[in-house]
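**Student:** Provided below for reference: sequence and predicted model.
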Amino acid sequence: MKAYVVTIILLVISNVFMTVAWYGHLKLQNMGITKNWPLFAIIATSWGVALLEYCFMIPANRIGFQENGGPFSLFQLKIIQEVITLTVFTVLAMFFFSGEKLHWNHVAAFICLVGAVCFTFLPQK
């Protein structure tokens, strides 16, 4: 499989774990599961999930980085990762947080980020 495909797949998986680590505890609290948990328990649980994120993020960056034979510069990797982060967050928020709605300004912001990806791939002079 091509390095750019593997990199993107690993970044998507990584960002699913990241989104769950950062925001999953809010859903669990709304469901009453972690409502009475102390903050340190929430942090420890989120940190454990974030460890899984790193198990995918680090290989994605190593495989995708140009100096390791990958197709992306450091800046390209970061900007791609940010768009993937927003995409994964949007999908998970809409499906798991029923009160969250996607509005026109969210879509406009996303389009701007996709534009950032396009700019980062323009030839450099």
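**Tutor:** Done, it's in. Nothing here was measured: the structure is a model prediction, and the numbers come from that model.
**Student:** and stretch 76-83, how far from the chain's centre?
**Tutor:** 9 Å (CA atoms, centre = their mean, to the nearest Å).
**Student:** that stretch: which residues count as buried?
**Tutor:** 76-77, 79-81, 83 (16 or more other CB atoms under 10 Å). For the C-beta atoms, the positions are set from N, CA and C on the backbone; glycine is no exception.
**Student:** can you list contacts of that stretch?
**Tutor:** Stretch 76-83 is contacted by residues 7-8, 11, 15, 57, 61, 64-65, 72, 110, 113-114, 116-117, 120-121 when judged by CB atoms under 8 Å, 6 or more residues apart in numbering.
**Student:** all helices of the protein, in order?
**Tutor:** Listed in chain order, the helices of the chain (DSSP state H) span residues 3-30, 39-64, 74-96, 104-120.
**Student:** quick revisit: any of the contacts of stretch 76-83 buried? List them.
**Tutor:** 7-8, 11, 15, 57, 61, 64-65, 72, 120.
**Student:** how near is the residue nearest to Phe72 when sequence neighbours are not counted to Ala44?
**Tutor:** Of all residues not flanking Phe72 in the chain, Gly64 sits nearest, at 4.6 Å (CB to CB, 6 or more residues apart in numbering). Gly64 sits 30 Å away from Ala44, going by CB to CB, to the nearest Å.
**Student:** try Val16
**Tutor:** Val16 is 20 Å from Ala44, by CB to CB.
**Student:** the more surrounded of those two?
**Tutor:** Using other CB atoms under 10 Å as the criterion, Val16 and Ala44 rank with Val16 on top: 19 against 11.
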